Every structure is written in structure tokens, then in C-alpha cells.
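S.K.: 3D model of this:
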Amino acid sequence: MSYPLDNLGDYNKVRDALHAVGGNANVFYAQIEQNAAPKYVGVGILIGGALASLSFWGYSQWQRRQNSSRQVLSSDSPSCENPDDDVPHPAHAHIDTAKE
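M.R.: Here you go, the predicted structure:
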């Protein structure tokens, strides 16, 4: 049972490149780093920057919503529970609050 080496694809290219540097794996890996690494460094920086800015934007939106909900729930806002308030609640602004 034999397997044709033509179907191995990149294995043959790697084998030939390793043979071209005399079988020295350190030299072979150094050549790969020189050729492949600069391509992916820029892409990695771009993706990392996009993720960081998206995370910062999401956090700032969350923080803004938290602050606005705290202002709504604070004790300084008019309350519906106290009917003696002079200031009507915004939801009840259409109701006439004049005392007879």
C-alpha cells in the first residue's frame, strides 16, 4: 500500500524549504518569522485597537445609563407617593393639582 506524495500539499513545500537551508530548523524558522510575522503584526494591532475602543465605548454607555437611572431614582426627584407635594410628578403633569 503506497500513498502518493503529490497529495501532501504544503508538506512538500516545507520539506523543500527545509532542505534548501541544509536541514537547520533554526534557520528555517527564522526565515518564516522574517516573512510571515510583519503581515500579522499590523492586523493584530488593528484588531486589538478595535476591540479596546469598542469595550471602552460599551463601558461608557453602561456608565452613562447607570448614572441616569440613579438620578431618576434619587430622593431629590418628585414622588408620586406624597400627594402634598407642590411639584407634580412629570407623569401626572396633565392632571390639575390646584387645591379647592
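S.K.: mind checking which helix or strand Arg70 is in?
M.R.: Under DSSP states H and E, the secondary-structure element containing Arg70 is helix 25-73.
S.K.: what helices or strands is that helix leaning on?
M.R.: With contacts defined as 3 or more CB pairs under 8 Å, 6 or more residues apart in numbering; DSSP states H and E, the secondary structure elements packing on helix 25-73 are helix 10-20. From N, CA and C alone the C-beta is placed, and that goes for glycine too.
S.K.: Now the helix it packs on: buried residues?
M.R.: The neighbour-count criterion (16 or more other CB atoms under 10 Å) identifies Leu18 as the buried residues of helix 10-20.
S.K.: Next, the angle helix 10-20 makes with the helix holding Arg70.
M.R.: Interaxial angle, helix 25-73 versus helix 10-20 (axes from the mean of the first three to the mean of the last three CA atoms, to 10 degrees): 130 degrees.
S.K.: Packing partners of the lowest-mean-pLDDT helix or strand in the chain?
M.R.: Counting by mean pLDDT, DSSP states H and E, the chain has its least confident helix or strand at helix 10-20, which shows a mean of 83. Counting by 3+ CB pairs under 8 Å, 6+ apart, the packing neighbours recorded for helix 10-20 are helix 25-73.
S.K.: Give me the average confidence score over the helix it packs on.
M.R.: This predicted structure assigns helix 25-73 an average pLDDT of 86.
S.K.: Next, Gly22: phi, psi?
M.R.: Listed backbone geometry of Gly22 is phi 80, psi 20, with angles given as degrees, to the nearest 10.
S.K.: How many neighbouring residues does it have?
M.R.: Burial of Gly22, expressed as a neighbour count using other CB atoms under 10 Å, amounts to 8.
S.K.: Over to Ser60?
M.R.: Burial measure for Ser60: 10 neighbouring residues, criterion other CB under 10 Å.
S.K.: repeat for the one 10 residues further on
M.R.: Arg70 has 9 neighbours, counted by other CB under 10 Å.
S.K.: OK, contacts around it?
M.R.: When the contact criterion is CB atoms under 8 Å, 6 or more residues apart in numbering, Arg70 has no partners at all.
S.K.: Thank you, goodbye.
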